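[1] Sequence isn't available, so here's the structure alone:
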């Protein structure tokens, strides 16, 4: 897969300053520090879980089975009444 260069426009100067401090602290170039931060953030389990479609659909199916046959009132009328107060 070819590597696409990334350009950050209008980066908050304080954020840039903090990134430079982190890069210096970790003996990295600014580019390497940003790459390390992005790799760390994108490898978290939270991101992996959010993109786990089969697991999400399984939970949706469970909820549908749990509430099968139940009818729920339309809340639009309640919202209208509340807004008129």
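    That came through, no problem. All values derive from a computational prediction rather than experimental measurement. Residues are numbered from 1 along each chain as shown.
[2] What residues of stretch 20-36 count as buried?
    23, 33-34 (16 or more other Cβ atoms under 10 Å). Quick note: C-beta positions are derived from backbone N, CA and C, even for glycine.
[3] helix or strand right after the lowest-mean-pLDDT helix or strand in the chain?
    Ranking every helix and strand in the chain by mean pLDDT, DSSP states H and E puts helix 45-50 at the bottom, with a mean of 64. Next along the chain after helix 45-50, taking DSSP states H and E as the criterion, comes helix 53-66.
[4] list the helices and strands that following helix packs on?
    Of the remaining helices and strands, none touches helix 53-66 by 3 or more Cβ pairs under 8 Å, 6 or more residues apart in numbering; DSSP states H and E.
[5] for that helix, the distance to its chain's centre please.
    Relative to the chain's own centre, helix 53-66 is displaced by 21 Å; criterion: Cα atoms, centre = their mean, to the nearest Å.
[6] pLDDT on that helix, on average?
    Across helix 53-66, the average pLDDT comes to 86.
[7] next SSE after it?
    Taking DSSP H and E, what comes next after helix 53-66 is helix 76-84.
[8] per-residue confidence at the closest residue in space to residue 30 that isn't next to it in sequence?
    Sequence neighbours aside, residue 23 is the residue nearest to residue 30 in space, at 4.9 Å (criterion: Cβ to Cβ, 6 or more residues apart in numbering). On the pLDDT scale, residue 23 is placed at 96.
[9] Now residue 23: which helix or strand?
    Applying DSSP H and E, one finds residue 23 within helix 13-25.
[10] Show residues contacting that helix.
    Under the contact criterion Cβ atoms under 8 Å, 6 or more residues apart in numbering, helix 13-25 has outside partners 29-30, 32-34, 37.
[11] Understood, closing this out.
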